[in-house]
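Undergrad: Provide a 3D model corresponding to the input given below.
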Amino acid sequence: MSEPFVRSLRGTGFFLGVAFFVILAAFPFYWMVITAFKQNSDLYNVTNIPFWFNEPPTLEHIKYLFEETLFARWLLNSLIVGVCVTAITLVTAVPAGYSLARMTSRKGEALGIMIFLTYLVPPTLLFLPLSRIIAELGLQNSMWSLVLVYPTFTIPFCSWLLMGFFKALPVEIEEAAIVDGCSLFGAFIKMAIPLSVPAILTVVIFTFTLTLQEFVYALTFISSSDQKPITLGVSTDLIRGDVFFWGEIMAGALIAAIPVAIAYNIFLDRFIAGITGGAVK
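TA: Numbering: from 1, shown residues only. Reported below is the predicted structural model:
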């Protein structure tokens, strides 16, 4: 076979492979969209073809969410929990990662690995001790219990990630700032923090996404509807016995997914830079 034909065959094979995985990744989102806007008469008619609209789209499922459930409250709860956990994680992980990166001995790397290993502890093993702590603090059935629990997952990983990123920053930059009159803390604030924006954005996206999608601890600690985050509220209040409100469930998932998808697309380059910069060091 000629070389142009071989190149064309390889290009076609590569294109078909990529197209297959794109379709595989996009299909759940497509299914969620069409289900969220289908009329019930179309959605539950087994004789209809389920892959497109057989009747005109409707907004009745979204209307039901905001008028007949506490969906707006669940959104607010998720936002409050996400912002609080992200702030706690940043305040803790940024100085921790910087301190570990600037330790001159091998103790810094060893401590960083030990901190990361705590992230690998299965969450189910922490149910009993965390439940005892939540009970002692009187936070049962409160979304603030999640604000206390979630940082135990996010801080170890984010500290390890930021440690790798700070190691990539030349120490000479901070030394030059100190020579010019900055204190060590001033060099950290004025030089290290601005240069580590990609890693910090990575931490923000990772932390907020984790709090938005976590389910098990929310189910364990919260039963009151007005305290539930969106993942728990949609999956418990819209599934009643063997009755599934599929249109409303998909509409709720769609509304929750859109902000995260937009954030990923806006900050994709910096997110990749933060992940790779922190992971390879």
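
Undergrad: which of the three states applies to residue 51?
TA: The local conformation at residue 51, judged by DSSP: H, G, I helix; E, B strand; the rest coil, is coil.

Undergrad: okay, now the nearest residue to it once chain neighbours are set aside: neighbour count?
TA: Once flanking residues are discounted, residue 51 sits nearest to residue 34: 7.5 Å by CB to CB, 6 or more residues apart in numbering. Any C-beta I mention is one placed from the backbone N, CA and C, and that applies to glycine too. Here the count is done by other CB atoms under 10 Å, and residue 34 has 16 residues near it.

Undergrad: ok, residue 34 - contacts?
TA: 51, 52, 53 (CB atoms under 8 Å, 6 or more residues apart in numbering).

Undergrad: report the buried residues of the strand or helix carrying it.
TA: Counting by DSSP states H and E, the element that carries residue 34 is helix 3-36. Within helix 3-36, the residues that qualify as buried by neighbour count (16 or more other CB atoms under 10 Å) are 32, 34, 35, 36.

Undergrad: out of those residues, which one sits closest to residue 211?
TA: Sorting the buried residues of helix 3-36 by how near they are to residue 211, with CB to CB, puts residue 32 at the top with 20.7 Å.

Undergrad: excluding chain neighbours, what is closest to the closest one?
TA: For residue 32, the closest residue by CB to CB, 6+ apart turns out to be residue 250, at 4.8 Å.

Undergrad: repeat that for residue 139.
TA: The spatial neighbour of residue 139 that comes closest, neighbours along the chain excluded (CB to CB, 6+ apart), is residue 145 at 4.1 Å.

Undergrad: confirm that the one you found sits in a strand.
TA: No. Per three-state DSSP, residue 145 lies outside any strand segment and is helix.

Undergrad: report the central residue of this structure.
TA: The structure's the chain has its C-alpha centroid closest to residue 209; by CA atoms, centre = their mean the separation is 1.6 Å.

Undergrad: just checking, it touches residue 259?
TA: No. Taking contacts as CB atoms under 8 Å, residue 209 lies outside contact range of residue 259: 10.2 Å.

Undergrad: break down the protein into its strands, ranges please.
TA: Using DSSP state E, the strands of the chain run over residues 239-240, 243-244.

Undergrad: look at the nearest residue to residue 48 once chain neighbours are set aside and report its pLDDT.
TA: Taking CB to CB, 6+ apart as the measure, residue 48 lies nearest to residue 54, with 4.4 Å between them; neighbours along the chain are not counted. As predicted, residue 54 sits at a pLDDT of 86.

Undergrad: re earlier: for the buried residues of helix 3-36, which one is nearest residue 157?
TA: Of all the buried residues of helix 3-36, residue 32 has the smallest distance to residue 157: 28.0 Å, by CB to CB.
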